[in-house]
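**Student:** this one's structure only:
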């Protein structure tokens, strides 16, 4: 059997898994990583044995196989709109939002992940605006809504990578409480990382990549020595490597305070209720 028929069959299986349960929407890169899990099911190994996996197929081969079948996959999202030449001040779609306090906001490093979360109604389920990081700064009205809430939190969803760490640090510098005390940002607003860390990637047995350079800036104090070495070596893990349902479930749980919300269940929650043991997607507290 040649590689192309093998990829076609694996792509069909991967698309079904990426959209489960209940017809979730997913990005092209999420589909790629699901294909990697189909071709190399070593992710199912015991979680007590930490490891990540190298991709079994190059992205270019996957893209070639997908090109002929894109229209057959209703759950696949179109490519995210390109970043504006001049990033506009990020605002929320609902105009009356600015009349109230806004207790939480989610900023995503990836435009594609932002589009995927919104397509699956996460902003409605978690009552939280979702914005891409490359469209910052925030609109002044949105900043005012965060300040009015008192103790609002800006969550930053990012990769386990040098660029992911840089994204978190940039948002924290601009909108964290320290910035507010200096008059440079909203007072009383906390910025929390909801990104991947190497040990979570190892526990979930995610597919990893490698960037050209390791991380040279400050690292979170709670990282273990082996995690610092992992990031310093240039290895990376994209959020897209996390299965779509697991990503949705975990982000909702984190935004809603670890699952402490009331018993109300919306359609999205019912679609992902079968997901169990999702792990964490936040840097451990230091």
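**Tutor:** Received it, and whenever you're ready, just let me know what you need. Just so it is clear, the model here is predicted, and its values are computed rather than measured.

**Student:** pLDDT weak spots in the chain?
**Tutor:** Filtered on pLDDT under 70, the chain yields the residue ranges 1-2, 85-88, 91-98, 177-185, 210-218, 220, 258-286.

**Student:** ramachandran coordinates for residue 202?
**Tutor:** phi -70, psi -40 (degrees, to the nearest 10).

**Student:** residue boundaries of the strands in the stretch 101-250 of the chain?
**Tutor:** Ranges of strands in the stretch 101-250 of the chain, per DSSP state E, counting those that start in this stretch, are 104-108, 130-132, 153-157, 190-193, 209-210, 235-236.

**Student:** for the ones you listed, which one sits closest to residue 48?
**Tutor:** Proximity to residue 48 (Cβ to Cβ) singles out strand 235-236 among the strands of the stretch 101-250 of the chain, at 21.1 Å. Yep, even glycine has a C-beta here, placed from its N, CA and C like the rest.

**Student:** export the strands of the stretch 101-250 of the chain to a markdown table and tack on distance to residue 165 and mean neighbour count?
**Tutor:** Shown next, in a markdown table, are the strands of the stretch 101-250 of the chain (distance: least, Cβ to Cβ, whole Å; neighbours: other Cβ atoms under 10 Å):
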| stretch | distance to residue 165 | mean neighbour count |
| --- | --- | --- |
| strand 104-108 | 14 | 24 |
| strand 130-132 | 17 | 21 |
| strand 153-157 | 10 | 24 |
| strand 190-193 | 9 | 20 |
| strand 209-210 | 15 | 14 |
| strand 235-236 | 11 | 21 |
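
**Student:** can you list these in CSV and add distance to residue 16?
**Tutor:** Shown next, in CSV, are the strands of the stretch 101-250 of the chain (distance: least, Cβ to Cβ, whole Å):
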stretch, distance to residue 16
strand 104-108, 26
strand 130-132, 26
strand 153-157, 26
strand 190-193, 32
strand 209-210, 25
strand 235-236, 27
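
**Student:** what's the closest of these to residue 9?
**Tutor:** Shortest distance between residue 9 and the strands of the stretch 101-250 of the chain, using Cβ to Cβ, is found for strand 209-210: 24.6 Å.

**Student:** do you know which of the strands of the stretch 101-250 of the chain lies nearest residue 82?
**Tutor:** For the strands of the stretch 101-250 of the chain, the distance to residue 82 is smallest for strand 130-132, at 11.2 Å, taking Cβ to Cβ.

**Student:** which residues does the closest one contact?
**Tutor:** Residues outside strand 130-132 that contact it (Cβ atoms under 8 Å, 6 or more residues apart in numbering) are 83, 90, 92, 105-111, 114, 117-118, 122-123, 138.
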